[in-house]
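Undergrad: missing the sequence, but the structure's below:
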Ligand code: NAD
């Protein structure tokens, strides 16, 4: 990669960023297509988010990804948000269109593409249990409802955040899908668990080897699909699913697919998906298709 006077700049705003795979994915894709772009990490603390957002314009950047803890907080600093980002109330990609900052969200579509293409699982008409109510859970629950799931059970450690998510979804989707909010302490006693078709872990639990397994998979009906958004390692949740012969998938595919959409927003070129996957797997020290 050669950086010169005309190199276009994209990057990621977050805090911390030490383990971010995004620079590896995007820079590998720019090299693959011979594009004069570079993707840089920007460690932005919450107190500096307004300055950082203004810098996208003043430094004439093409755009940025936005990650923890800024996905909701960036919205007031943008000029517009796409219907997708408004539906989710969260932004993971910003594009600078002639000095106007547009907020997009590619996480949800990244999840759906991964679930359908890699998981061969169509969520339409399915009963879903979702663990988490943060940024990932927001994106995933919105797209699942839009895809026509039959029902949604939300469980979150902090009840208030779970309520906020359920309220947000009911406001956006009205009566499109019945939504139950189950207290965290009751998650393994709730009868509805015995009827689900898809379980999604959208919490950060599983990122570390010492993390607890948050759900009793023996309650799931045979064939329940288990999706874990965690992508940095093979989680205990996925191992427990495999032990019970349940179909399952880790979050690397979601990460790659959301990156593909961001790349295409910034460059207007078709992203080299396979190259991006290889870059992510190399960085994680995995063999091919290691999730
Ligand atoms: P967030 O901080 O907005 O939300 C974190 C969620 O995890 C909350 O619901 C919180 O209640 C829950 N949680 C944290 N610790 C917990 C514990 N010990 N017990 C129970 N619940 C706990 O973060 P986020 O942006 O929603 O990200 C969540 C996870 O999703 C992270 O691991 C992140 O890396 C991953 N993620 C993956 C992708 C992908 O493309 N695969 C995209 C976005 C996020």
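TA: Perfect, I can see it now. All values derive from a computational prediction rather than experimental measurement.
Undergrad: how near is the one residue sitting closest to the centre of the chain to the ligand?
TA: The residue lying closest to the centre of the chain (C-alpha atoms, centre = their mean) is residue 107, at 3.8 Å. Taking C-beta to the nearest ligand atom, to the nearest Å as the measure, residue 107 falls 5 Å from the ligand. Bear in mind the C-beta positions are built from the backbone N, C-alpha and C, glycine included.
Undergrad: Find me the pLDDT at residue 239, would you?
TA: On pLDDT, residue 239 comes in at 97.
Undergrad: Tell me how many other residues surround it.
TA: For residue 239, the neighbour count with other C-beta atoms under 10 Å is 12.
Undergrad: Now it. Its backbone dihedrals?
TA: Per-residue torsions, residue 239: phi -60, psi -40 (degrees, to the nearest 10).
Undergrad: Same check on residue 65?
TA: Main-chain torsions, residue 65, degrees, to the nearest 10: phi -90, psi 150.
Undergrad: and it, what does it touch?
TA: Shown in contact with residue 65 (C-beta atoms under 8 Å, 6 or more residues apart in numbering): 10-14, 22, 92-94, 262.
Undergrad: quick one: is whichever strand or helix holds residue 27 near the ligand?
TA: Using DSSP states H and E, residue 27 sits within helix 22-33. No. With C-beta under 6 Å from any ligand atom as the criterion, the ligand is not reached by helix 22-33; the gap is at least 9.7 Å.
Undergrad: tell me the mean pLDDT for that helix?
TA: Mean per-residue pLDDT for helix 22-33: 98.
Undergrad: One more: stretch 211-219?
TA: 95.
Undergrad: buried stuff in it?
TA: Neighbour counts over stretch 211-219 (16 or more other C-beta atoms under 10 Å) mark 211, 214-215, 217, 219 as buried.
Undergrad: Of those, which are in range of the ligand?
TA: Within those, those near the ligand by C-beta under 6 Å from any ligand atom are residue 214.
Undergrad: Kindly indicate which of the buried residues of stretch 211-219 lies nearest the ligand.
TA: When the buried residues of stretch 211-219 are ranked by distance to the ligand (C-beta to the nearest ligand atom), residue 214 comes first, at 5.8 Å.
Undergrad: And the pLDDT at residue 289?
TA: On the pLDDT scale, residue 289 gets 40.
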